[in-house]
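Colleague: Predicted structure and sequence below. I'll ask about it afterward.
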Amino acid sequence: MSRPPRSTDAELLDRIGAALSQRTSTEPWGLGDVAPAAGISAAGLIKRFGSKERLLHALSRRWIDTVPSAPADPEHALDELRAYGRANFATASSSAAITGLGELMRDLWSPEAVELLREGWDKQARYIESLLAHLSLRADLDHRAAALTVLDALHGSLYRQAVSLDPTSPEQTIDNLLEEWARP
């Protein structure tokens, strides 16, 4: 009898990422919670990744690798910015936002996780900056500062989503900022 084909790390991370994004519980999760979605045992996850923390680092690396480096189509930079915001900052529910924010807070205790966050957020800021450079905005606008403000606002909208305080879609958050930065 042959063994079933072994999943690649990328396949496992895709399934684990999907499972985490669909969680409805705000309780901390363990490897046993995501192992069924991954199609592997918790012990198998430890064998592959070493620990929950190492699994989170692999998920972070995967996320960083998915952040674009430049606009796919500069002619449609606004649509691309809105789509990026929707794909990366929209949550299914307040509990999903709480879970994500809880993981972020735990990450800030790990120097390696902090470095991954710094790298990922910097790559996001550079990407958003490159998108903003293709929009009709005030000439005196510092695109790097504006990109960081977009990230801050999108993260803030996640906090408001977590507590159900006038939730704003990522697209609306972006549009509100761009309206302020538009050329007169």
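Modeller: Ah, there it is. Predicted model only: the values in this text are computed from it and were never measured.
Colleague: Restricting to C-alpha, output the helix or strand of the chain with the lowest mean pLDDT in CSV.
Modeller: Every helix and strand in the chain was compared by mean pLDDT, DSSP states H and E; the lowest is helix 94-107, with a mean of 72. Extracted C-alpha coordinates of helix 94-107, given in CSV (Å, rounded to 0.1, in the frame of the first residue of the first chain):
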residue,chain,number,x,y,z
SER,A,94,-15.1,41.0,14.9
SER,A,95,-13.9,37.8,16.3
ALA,A,96,-11.5,37.3,13.3
ALA,A,97,-10.2,40.8,13.9
ILE,A,98,-9.7,40.1,17.6
THR,A,99,-7.9,36.8,16.9
GLY,A,100,-5.6,38.6,14.4
LEU,A,101,-4.9,41.4,16.8
GLY,A,102,-4.2,39.0,19.6
GLU,A,103,-1.7,37.2,17.5
LEU,A,104,0.0,40.5,16.6
MET,A,105,0.3,41.4,20.3
ARG,A,106,1.9,38.0,21.0
ASP,A,107,4.3,38.5,18.1
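Colleague: Which strands or helices does the helix or strand just after that helix pack on?
Modeller: As assigned by DSSP states H and E, the chain's next helix or strand after helix 94-107 is helix 111-132. Applying 3 or more Cβ pairs under 8 Å, 6 or more residues apart in numbering; DSSP states H and E, one finds that helix 111-132 contacts helix 52-66, helix 77-89, helix 94-107, helix 143-162. Every residue, glycine included, has its C-beta placed from N, CA and C.
Colleague: buried stuff in helix 111-132?
Modeller: For helix 111-132, burial by neighbour count (16 or more other Cβ atoms under 10 Å) applies to 113, 116-117, 120, 123-132.
Colleague: quick one: it to helix 143-162, angle?
Modeller: Orientation check (axes from the mean of the first three to the mean of the last three Cα atoms, to 10 degrees): helix 111-132 against helix 143-162 gives 120 degrees.
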